[in-house]
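*Asks:* sequence plus the predicted model coming up.
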Amino acid sequence: MDFSLFYFANDSTEKDHDRYELLLEGARFADRNGFSAVWTPERHFHPFGGLYPNPAVTGAAVAAVTERIGIRAGSVVAPLHHPLRIAEEWSVVDNLSGGRAGLSFASGWHATDFALRPENYADRRRLLAEQVEQVRALWRGEKVTFRDGVGDERELRIYPPPVQPELPVWVTSAGGVETFRNAGRLGAGLLTHLLGQDTGDLAAKITEYRAAAAQCGRTDGWRGHVALMVHTFLGEDDDAVREVVRRPLGDYLRSSLGLLLGSSLDGRRIDASRLTPDDVDFIVARSFDRYYDGGGLLGTVEKVAAHVARFREIGVDEIACLVDFGLPTEDVLGGLGRLARLRELTSGDGRTAP
């Protein structure tokens, strides 16, 4: 089992300086201690996660302070960007890092984000698959045809050429089984989480993903690669950790209410706008207990080792440890040593990443 660090939700208004201390110091630690990668996301127009509007920029910063660890986007919201721009930026990161870049592509879901490219919102899911293939082709040095400013078609390739001959690719899914299948059909890895799906649901979807991956046409024996993002904070006492993470994790869950609600038992969507404050508090409290006890790496090393074993059993190849969900930077950095101990206790032969 591989372990990586995942950054996603830190509050960009928390302090006026050293906003990227946790990212850079955490990356240095991960680089020294055998972790597989550092993931940074693409988030827009909100203080919660607003530290990360461009994963290529944060990836370049990580490249400058590390030597061996993978540098990944988790995720690039592809329909917000031109594929030429995605390929160019990440080729620079690949060169700066000596060939350590990787991208997870997402279709996006928040309409406000598409202020950047409003014309792509309605068609974003179709565009995702198209752009994945365009970026891959550009990465391999192929020319791809695009229309220029006067309407003429141009065959273009990117510069600088990347170091890696093939771009490691994942597709991000919030839990939709068709996205799992599409990732497999594309011959891409899969990045997902446990908000709105439990391990039983995830196991069934991973089976669908593996089946699709087996039919994708790759001839190298690759079976796919599943990275699971989970909230992570380890301590010496489980009850103490529960209280430390209760408020920040609760705030995170509250901000992700749409994912928590998912669908009702008869398949109808639940309208969050019709919930009372008491309803929301109840849902968040119940979700906190469920997630703390089985959905994350939260508690002691001994406790969460069993969760790692369960994740391995259902087909997860890599645990992407979400460490910046609202805890103080010094607390997160202070807990990384326990996470390294967990990695040493539970790591086994992982499957090859994309």
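*Replies:* Nice, I can see it. Numbering: from 1, shown residues only.
*Asks:* and the spatially closest residue to V177 that is not a sequence neighbour, how many neighbours?
*Replies:* Leaving aside its sequence neighbours, V177 sits nearest to K205 (CB to CB, 6 or more residues apart in numbering; 5.0 Å). In short, each C-beta sits where N, CA and C put it, glycine included. Using other CB atoms under 10 Å, K205 has 24 other residues around it.
*Asks:* what's opposite the residue nearest the centre of the chain in the beta bridge?
*Replies:* Centroid-nearest residue in the chain, with CA atoms, centre = their mean: G74, separated by 3.6 Å. Here G74 sits in beta bridges with S104, as judged by DSSP bridges.
*Asks:* pretty sure it is touching W39, no?
*Replies:* Yes. Using CB atoms under 8 Å, G74 is in contact with W39, at 3.4 Å.
*Asks:* which residues do those two both contact?
*Replies:* Common contact partners of G74 and W39 (CB atoms under 8 Å, 6 or more residues apart in numbering): F6, S104, L191, M229, A320.
*Asks:* just those now: which is nearest P328?
*Replies:* F6 (18.1 Å; CB to CB).
*Asks:* how much space separates that closest one from A56?
*Replies:* 17 Å (CB to CB, to the nearest Å).
*Asks:* neighbour-wise, which of these two wins?
*Replies:* Just comparing F6 and A56: by other CB under 10 Å the higher neighbour count belongs to F6, 27 against 23.
*Asks:* what about the helices in the protein?
*Replies:* Assigned by DSSP state H, the helices in the chain fall at 21-32, 55-65, 83-97, 124-139, 177-185, 199-214, 238-255, 257-261, 277-294, 301-313, 329-346.
*Asks:* among those helices, which comes closest to V169?
*Replies:* Going by CB to CB, the one of those nearest V169 is helix 124-139, 6.3 Å.
*Asks:* pLDDT-wise, which helix or strand of the protein ranks last?
*Replies:* Taking mean pLDDT, DSSP states H and E as the measure, the helices and strands of the chain show their lowest mean at helix 257-261, namely a mean of 58.
*Asks:* in strands only, show me the shared contacts of G74 and W39.
*Replies:* Under the assignment DSSP state E, the shared contacts of G74 and W39 contribute F6, S104, L191, M229, A320 to strands.
*Asks:* ok, what's across the strand from the third one?
*Replies:* Translated: L191. Assigned bridge partners for L191, using DSSP bridges, are T172, A227.
*Asks:* adjust the sequence numbering to begin at 52 for everything that follows.
*Replies:* Sounds good: first residue 52 from here, last item L242.
*Asks:* contacting residues for it?
*Replies:* W90, G125, S126, S155, W221, V222, T223, S224, A278, M280, A371.
*Asks:* list the contacts of the second one.
*Replies:* G125 makes contact with F57, F59, W90, T91, P92, P106, S155, W221, T223, L242, M280, A371, according to CB under 8 Å, 6+ apart.
*Asks:* between those, which has the least confident prediction?
*Replies:* The member of the contacts of G125 with the lowest pLDDT is F59, at 77.
*Asks:* can you name the farthest residue from the center of this protein?
*Replies:* V201 (37.6 Å).
*Asks:* pLDDT score for that residue?
*Replies:* For V201, pLDDT reads 96.
*Asks:* quick one: it from P130, how far?
*Replies:* 24 Å.
*Asks:* thinking again about what came up before, nearest to G347 among the ones in strands among the shared contacts of G125 and W90?
*Replies:* Looking at those and their distance to G347, the nearest is M280, at 9.6 Å (CB to CB).
*Asks:* residues near that closest one, how many?
*Replies:* Residues lying near M280 (other CB under 10 Å) number 24.
*Asks:* kindly report the same for D203.
*Replies:* 8.
*Asks:* cool, and T196?
*Replies:* T196 has 9 neighbours, counted by other CB under 10 Å.
*Asks:* who are the contact partners of it?
*Replies:* Counting by CB under 8 Å, 6+ apart, T196 touches E204, R205, E206, L207.
*Asks:* not counting its neighbours along the chain, what's nearest the second one?
*Replies:* Same thing as R205. Distances taken as CB to CB, 6+ apart place D199 nearest to R205, at 5.0 Å, with adjacent residues excluded.
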